[in-house]
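**Student:** Everything below, folded, please.
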Amino acid sequence: MGSVVISYKIFPIDITVNFEDLKKKIEASLPEFATIYGYGEEPIAFGLNALICAIKIPEDKTGVLEELERRFEQISEISQVQTIMVRRINR
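**Tutor:** From the prediction side, this is the model:
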């Protein structure tokens, strides 16, 4: 069985948000079957960066995209979450 990697663009509430602390909160909010696949940053404008977060889940799970978005929206440092890619991998 393969896995699915979901990439999210996570917008912080402002430029003062510490991404290392935000990553820890994101990891703590994940369900037990989900793992972090990788992180990146994307400049938006005027010093504001978005955090790109890739999460790996088993391909047989359903409804996970919406569940993860709901969990992320509970984190006070996040203003908006955008799904940017969903792809299947064999690992």
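**Student:** From residue 82, how far out is residue 47?
**Tutor:** Separation of residue 47 from residue 82 (C-beta to C-beta, to the nearest Å) stands at 20 Å. Yep, even glycine has a C-beta here, placed from its N, CA and C like the rest.
**Student:** Identify the residue nearest residue 14 in space, chain neighbours excluded?
**Tutor:** Using C-beta to C-beta, 6 or more residues apart in numbering and skipping the chain neighbours, the partner closest in space to residue 14 is residue 48 (7.4 Å).
**Student:** Now do the contacts for the one you found.
**Tutor:** Contact analysis of residue 48 by C-beta atoms under 8 Å, 6 or more residues apart in numbering lists 11, 12, 14, 15.
**Student:** Can I take it that the last one is in a strand?
**Tutor:** Going back to what we said before, that points to residue 15. No. Judged by DSSP: H, G, I helix; E, B strand; the rest coil, residue 15 forms no part of a strand; its state is coil.
**Student:** Contacts only, for it.
**Tutor:** Counted by C-beta under 8 Å, 6+ apart, residue 15 has contacts 46, 47, 48, 49.
**Student:** Can you show me the CA trace of the least confident helix or strand in the chain by mean pLDDT as PDB?
**Tutor:** None of the helices or strands of the chain scores lower by mean pLDDT, DSSP states H and E than helix 64-73, at a mean of 90. The C-alpha trace of helix 64-73 is given here as PDB (Å, rounded to 0.1, in the frame of the first residue of the first chain):
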ATOM      1  CA  VAL A  64      -8.200  13.700   6.100                       C
ATOM      2  CA  LEU A  65      -7.700  17.000   4.100                       C
ATOM      3  CA  GLU A  66     -10.600  18.700   5.900                       C
ATOM      4  CA  GLU A  67      -9.700  17.300   9.300                       C
ATOM      5  CA  LEU A  68      -6.100  18.600   9.000                       C
ATOM      6  CA  GLU A  69      -7.300  22.000   7.800                       C
ATOM      7  CA  ARG A  70      -9.700  22.200  10.800                       C
ATOM      8  CA  ARG A  71      -6.800  21.300  13.200                       C
ATOM      9  CA  PHE A  72      -4.500  23.900  11.700                       C
ATOM     10  CA  GLU A  73      -7.200  26.600  11.900                       C
END
